[in-house]
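**Q** let me see the structure of the following:
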Amino acid sequence: MKKGKKAKIFLVDDDELYLKVLELELQAENDFIIEAYLTGEACIECLDHKPDLIILDYWLNSVNPDAMDGIKTLDKIKSYNPKIPVVMLSAQDKIEVAVECMHHKATDYVVKSETAFLRLTSIIANTLQYQKVEKELNWYMNKM
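**A** Numbers count the residues shown, from 1 in each chain. Sure, this is the predicted structure:
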C-alpha cells in the first residue's frame, strides 16, 4: 500500500442488517474505503477493484439457497489472487468450520459475537501492517 492510500475493505454478508452495522462501525473507527456486497457472486465480479482485505461470511446462502456459499467464494477469490487476505466471519462457533476455512486458505476466522468487531479491527490492523512491511521488505530486497 502506498503512503497515504486508504485501505480498501470488502464486506460480504447476506444478512443486510449485520452488513450495514459492520460497515458503519468500521467507517466510524477507521479511515477505510468500504465496499459491501450481499452475495459472493457480487464480490467476485468486483475483485478488479483491488481490495486490500475481504471479510467474508461463511454462510452466504442462508437467504438464497442457490447463492454461492462462503467457501466457494473464498476459493474463487484465492484463484483470482491468492495474496488477498480473507477473514471468514460466521455465527457458527464450531472448530470444524474454522478448520475448513483455514484449509481453504482463509487468513483468520471470527465468530459473530459481541467481541467480533474488536477482533476484526485487530485482525485488519495486523494484516494491513504485515502487508506494508512485506512490500517494504520486497522493495529493499529488489534494490540489493
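**Q** pLDDT below threshold where in this protein?
**A** 1-4 (pLDDT under 70).
**Q** where do the helices sit along it?
**A** According to DSSP state H, the chain carries its helices in the segments 16-29, 40-45, 70-80, 95-103, 116-143.
**Q** right, so of these, which gets closest to residue 5?
**A** When the helices of the chain are ranked by proximity to residue 5, the top entry is helix 116-143, at 10.3 Å, counting by CB to CB. Backbone N, C-alpha and C define where each C-beta goes, glycine included.
**Q** now do that closest one against helix 16-29, angle only.
**A** Between the axis of helix 116-143 and that of helix 16-29 there is an angle of 60 degrees, by axes from the mean of the first three to the mean of the last three CA atoms, to 10 degrees.
**Q** now do helix 116-143: which elements does it pack against?
**A** helix 16-29, strand 53-57, strand 86-90, strand 108-111 (3 or more CB pairs under 8 Å, 6 or more residues apart in numbering; DSSP states H and E).
**Q** which other helices and strands does the longest one contact?
**A** This points to helix 16-29. Counting contacts by 3+ CB pairs under 8 Å, 6+ apart, helix 16-29 packs against strand 8-12, strand 33-37, helix 116-143.
**Q** most tightly packed of those?
**A** Across the helices and strands packed on helix 16-29, averaging neighbours per residue (mean count of other CB atoms under 10 Å) puts strand 8-12 on top, at a mean of 23.
**Q** quick check: angle from it to helix 16-29?
**A** Inter-element angle recorded for strand 8-12 and helix 16-29: 160 degrees (by the same axes, to 10 degrees).
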